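1. here is my input, please return the structure:
(chains A and B)
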Amino acid sequence: MTAPLLKVEHLTMRFGGLVAINDVSFEAEAGRITAVIGPNGAGKTTVFNCLTGFYKPTVGRLTLTDAKSGHSYLLERLDDFRITKSAGVARTFQNIRLFAGMSVLENLLVAQHNKLMLASGYSLLGLVGWPSYRAAERDAVEKARFWLDRTGLLPRSDEPAGSLPYGDQRRLEIARAMCTDPALLCLDEPAAGLNPRESAELNTLLLMIRNDYGAGILLIEHDMSVVMGISDHIVVLDYGKKIAEGSPAEIKANPDVIRAYLGEDDTTEALAEGVVE
Amino acid sequence: MAVANSVVAPAAPLPPVLAALKDAVLVALVAMALTGPIVGLQTVDAGGRLTVDMRFTEVALGIVIVFFGRFGLALGERGLALPAYGVGALLMVAGFLLPWPAELLKVLAVAAGIALVVRGIAGQLKERRTQAVLRAPDEEDAKAERLRRLVTRGLGFAMLAAAVLLPMMPFANSYIMDTAIRVMTYMMLAWGLNIVVGLAGLLDLGYVAFYAVGAYTYSILSKDFGFGFWGALPIAGALAASFGILLGFPVLRLRGDYLAIVTLGFGEIIRIVLLNWTSFSGGPNGIGSIPRLTFFGYPFARRAPEGEVTFHQLFGLDFSPLHRAVFFFYLILVLALVVNFFTIRIRRLPVGRAWEALREDEIACRALGINPTNTKLTAFAIGAMFAGFAGSFFATTQSFVSPESFTFLESAMILAIVVLGGMGSQLGVALAAILIIGLTEAFRGLAEYRMLVFGLGMVMIMVWRPRGLLAHRDPTVLLHGRKSVLKKGAAA
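-> Model prediction:
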């Protein structure tokens, strides 16, 4: 059996006396969408911040294995920018973090910084307009055009990113993350603030990334239509602990999950009526 | 009458003229309350004791000017454009013709009249544009964009042409050339600082330290080691760049205010070290008789030293001290333009985009795999290198350097140029350099009031153009080509 794309083992994160994540282990496969769900304050975003190097976990091992090269990276030991640069983990943010003053296209070119930097000979070849750099820049623009087309942002490519409507900004952030050629794409509440039509479009986009592109997707989400509609595997956290794991159907029927979301008393009723999603 | 009306029927709106009159009366009353004691009472020394003089005419005239000025403004605000012009013209004519008791009142009346007329014209232009935008928004957008492009490009070329032609003008005396050299030096420094502050968003209050490093490096290399200008220039630049990295390392984690304080401290450290390390830098006495720059080996001198040919002998000209100034001017022009073109180019390269991205959001940069350490350090190093070049130039033109020239005030001046110009805008920075250095020079006649005018100018720019003179940012790369914005208008 080959190693999974991402293996999280015994992840624990303490902030002083507060245990934000307590001994959580799960796996995420390439070409599959893994959702991390849980009530507010369950530690979902903290898991993401540990994965992407913004926090250094107190205990635990995070192994990312690139299927193509077979190379493994221990994420907890890498600097945050190296996790993206070398290991190929890209992320989006719960509160959108675009380069608001720069154009949409520029946002996507910044995402290809490392490749372009090398092609520009650390700016020396670029300053004199070396042909190989020009070719690399054309390729980068083509890749940006591809993702703009996929996210429906092509007509607005030259506008400042900050002037886009909210839903477009969410999609642009995903396009930007995809421009780093990630092996694992971590999305922190990508459907937050979207209307039903926009979240349906988001589902299509994420399924496209999974099917055509083969990237593993790790998803934090509250919108159950997104989670249940596209996830292959769901991990449920509550108070920093993993309380359940399985397919969407299993999770829907799991009494622990229902208890975590709805509280003790309503659980039996809800199960009886079959209304819980 | 107007007041009485409003008391009787508070709900009924006043006719515009009466409302304007009421407004003007109220403002005149406020003016009376203020000017009465401040202008009206003057203490006079009458034979050893103080007496108070009343200046009724001055107060009365001042209030009349305020009344009419406000009346004109209020008329304009209520859509009565023509009467507003009339009041403005009246004030202007009165200002010129009437025998005012004080020069200041005359200036006040004329200024108020001009302000009224200018305001009226500006208001009408704006109204006309609003109408046009309502009719055809896209077309107007395209037109505005075209105009902006034309003006900025035209201004850039005009300024360049003016700079190239300046030394050939008949009025170019040595005072003008010295001022022009000063303006260009500040322009070069501001362009260099623009990389750090405008592009990378790292607020640097100690930029002058790198200028000092460049100046002292050149001084010591040329005086003690016999280096020529062109030999010392790269070394000075490299040394200043390494100081930039040296400063950059400890402050990598800092942003905004904290960074500003540390860089301020760094600037002071360099100055104080230069002031106290007498054996190295000459302390407060500085370093004098630094070899002056020659014209590629031919000195600018009336008489050549033994076995050398001077510049004017080489070209068969009569000796003129202006030759040196003109050569210096062209040299700093070329150096500054090198900085300018370098910045324009590097902004379109990955590292330039990374700087701007870092300014916008550092956390997002990290999430995209950009190494923030390297990116910041390159910005610091390149900015510092250009300051080092400028410092070498400064040392060779002055042939004397001392810590006096590298105070915090210089850093503040350079930063003010960058901020007033519009952060990241090359043309805006050039304009601001001319305004700030040129205007402080032009108002030299006002002696101690010069700084007052300077401050007033700053306040006015910040009120009218809070993001700098030219705050527009052009994207570094376009997918749909430069014409797309313009085409949109043509299609509509």
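
2. with adjacent residues omitted, what lies nearest to the residue of the stretch 101-250 of chain B found nearest chain A?
-> Going by C-beta to the nearest C-beta, chain A is nearest to B:Gly201 of the stretch 101-250 of chain B, at 10.2 Å. Placement of C-beta: from N, CA and C, glycine included. Excluding its sequence neighbours, the residue lying closest to B:Gly201 (C-beta to C-beta, 6 or more residues apart in numbering or on different chains) is B:Arg359, at 2.8 Å.

3. if we can go back for a sec, what number of residues lie near the residue of the stretch 101-250 of chain B closest to chain A?
-> By other C-beta atoms under 10 Å in any protein chain shown, the residues close to B:Gly201 number 21.

4. the helices in the stretch 351-492 of chain B, which residues?
-> Ranges of helices in the stretch 351-492 of chain B, per DSSP state H, counting those that start in this stretch, are B:362-367, B:372-398, B:408-421, B:426-433, B:439-442, B:450-464, B:484-491.

5. just tell me which of those helices ends up closest to chain A.
-> Of all these, helix B:362-367 comes closest under C-beta to the nearest C-beta, at 4.1 Å.

6. the most centrally placed residue in chain A: what's it in contact with?
-> Centroid-nearest residue in chain A, with C-alpha atoms, centre = their mean: A:Cys186, separated by 1.4 Å. Taking C-beta atoms under 8 Å, 6 or more residues apart in numbering or on different chains as the criterion, A:Cys186 is in contact with A:48, A:51-52, A:89-92, A:217-218.

7. thinking again about what came up before, can I get the helices of the stretch 351-492 of chain B in CSV with mean pLDDT and mean neighbour count?
-> Shown next, in CSV, are those (pLDDT from 0 to 100; neighbours: other C-beta atoms under 10 Å in any protein chain shown):
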stretch, mean pLDDT, mean neighbour count
helix B:362-367, 90, 22
helix B:372-398, 93, 25
helix B:408-421, 89, 21
helix B:426-433, 90, 25
helix B:439-442, 78, 15
helix B:450-464, 78, 13
helix B:484-491, 47, 14
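
8. possible to save those helices as JSON lines with distance to B:Glu145?
-> Formatted as JSON lines, these follow (distance: least, C-beta to C-beta, whole Å):
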{"stretch": "helix B:362-367", "distance to B:Glu145": "29"}
{"stretch": "helix B:372-398", "distance to B:Glu145": "30"}
{"stretch": "helix B:408-421", "distance to B:Glu145": "21"}
{"stretch": "helix B:426-433", "distance to B:Glu145": "16"}
{"stretch": "helix B:439-442", "distance to B:Glu145": "30"}
{"stretch": "helix B:450-464", "distance to B:Glu145": "21"}
{"stretch": "helix B:484-491", "distance to B:Glu145": "5"}
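
9. what pLDDT does the nearest residue to B:Phe389 once chain neighbours are set aside get?
-> Using C-beta to C-beta, 6+ apart and skipping the chain neighbours, the partner closest in space to B:Phe389 is B:Gly237 (5.1 Å). For B:Gly237, the pLDDT comes out at 95.

10. equivalent analysis for the one 5 residues further on, please.
-> Reading off the confidence values, B:Ser242 has pLDDT 95.

11. one more: the one 10 residues further on?
-> With respect to pLDDT, B:Leu252 has a value of 77.

12. burial of it, as a residue count?
-> Neighbours of B:Leu252 (other C-beta under 10 Å): 14.

13. what's the answer for B:His312, then?
-> 18.

14. which SSE is it in?
-> helix B:311-315 (DSSP states H and E).

15. now B:Leu90
-> Counting by DSSP H and E, B:Leu90 is found in helix B:81-97.

16. which residues touch that helix?
-> With C-beta under 8 Å, 6+ apart, helix B:81-97 has contacts from B:17, B:65, B:68-69, B:71-73, B:75-76, B:106-110, B:112-117, B:120, B:123-124.

17. following that helix, which helix or strand comes up?
-> helix B:103-135.

18. buried set for that next one?
-> Within helix B:103-135, the residues that qualify as buried by neighbour count (16 or more other C-beta atoms under 10 Å in any protein chain shown) are B:105-106, B:108-110, B:112-113, B:115-117, B:119-120.

19. quick one: mean pLDDT for that helix?
-> 81.

20. show me what it is packed against.
-> Packing partners of helix B:103-135 (3 or more C-beta pairs under 8 Å, 6 or more residues apart in numbering or on different chains; DSSP states H and E): helix B:56-77, helix B:81-97, helix B:137-165.

21. any idea which of those helices is most buried?
-> Of all these, helix B:56-77 carries the top mean neighbour count, a mean of 20, counting by mean count of other C-beta atoms under 10 Å in any protein chain shown.

22. hey, C-alpha coordinates of that helix in PDB?
-> Output in PDB follows, covering the C-alpha atoms of helix B:56-77 (Å, rounded to 0.1, in the frame of the first residue of the first chain):
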ATOM      1  CA  PHE B  56     -11.200 100.100  13.700                       C
ATOM      2  CA  THR B  57     -10.800 100.500   9.900                       C
ATOM      3  CA  GLU B  58      -8.700  97.300   9.600                       C
ATOM      4  CA  VAL B  59     -11.200  95.300  11.600                       C
ATOM      5  CA  ALA B  60     -14.100  96.700   9.600                       C
ATOM      6  CA  LEU B  61     -12.500  96.100   6.300                       C
ATOM      7  CA  GLY B  62     -11.500  92.600   7.200                       C
ATOM      8  CA  ILE B  63     -15.000  91.800   8.200                       C
ATOM      9  CA  VAL B  64     -16.300  93.300   5.000                       C
ATOM     10  CA  ILE B  65     -13.900  91.000   3.000                       C
ATOM     11  CA  VAL B  66     -15.000  88.000   5.000                       C
ATOM     12  CA  PHE B  67     -18.700  88.900   4.500                       C
ATOM     13  CA  PHE B  68     -18.400  89.200   0.700                       C
ATOM     14  CA  GLY B  69     -16.200  86.200   0.400                       C
ATOM     15  CA  ARG B  70     -18.600  84.100   2.400                       C
ATOM     16  CA  PHE B  71     -21.600  85.600   0.500                       C
ATOM     17  CA  GLY B  72     -20.000  84.600  -2.800                       C
ATOM     18  CA  LEU B  73     -19.300  81.100  -1.600                       C
ATOM     19  CA  ALA B  74     -22.800  80.700  -0.200                       C
ATOM     20  CA  LEU B  75     -24.300  81.900  -3.500                       C
ATOM     21  CA  GLY B  76     -22.100  79.400  -5.400                       C
ATOM     22  CA  GLU B  77     -23.200  76.600  -3.200                       C
END
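
23. and it, what other elements does it pack with?
-> By 3+ C-beta pairs under 8 Å, 6+ apart, helix B:56-77 packs against helix B:16-40, helix B:81-97, helix B:103-135.

24. now the terminal residues of stretch B:390-406, how far apart.
-> 13 Å (C-alpha to C-alpha, to the nearest Å).

25. any low-confidence regions in chain A?
-> Residue ranges of chain A with pLDDT under 70: A:1-2, A:264-277.

26. centroid-nearest residue for chain B?
-> Chain B, centroid-nearest residue using C-alpha atoms, centre = their mean: B:Ala432 at 2.7 Å.

27. got phi/psi on B:Ala46?
-> Note on B:Ala46: backbone dihedrals following degrees, to the nearest 10 are phi -110, psi 90.

28. next: A:Leu218.
-> Residue torsions, per degrees, to the nearest 10, at A:Leu218 are phi -110, psi 130.

29. what about it, neighbour count?
-> 26.

30. any idea what it is bridged to?
-> A:Thr34, A:Cys186 (DSSP bridges).

31. OK, contacts around it?
-> Counted by C-beta under 8 Å, 6+ apart, A:Leu218 has contacts A:6, A:28, A:34-36, A:48, A:51, A:184-187.

32. repeat that for 6 Å
-> Taking C-beta atoms under 6 Å, 6 or more residues apart in numbering or on different chains, we find A:Leu218 in contact with A:28, A:34, A:186.
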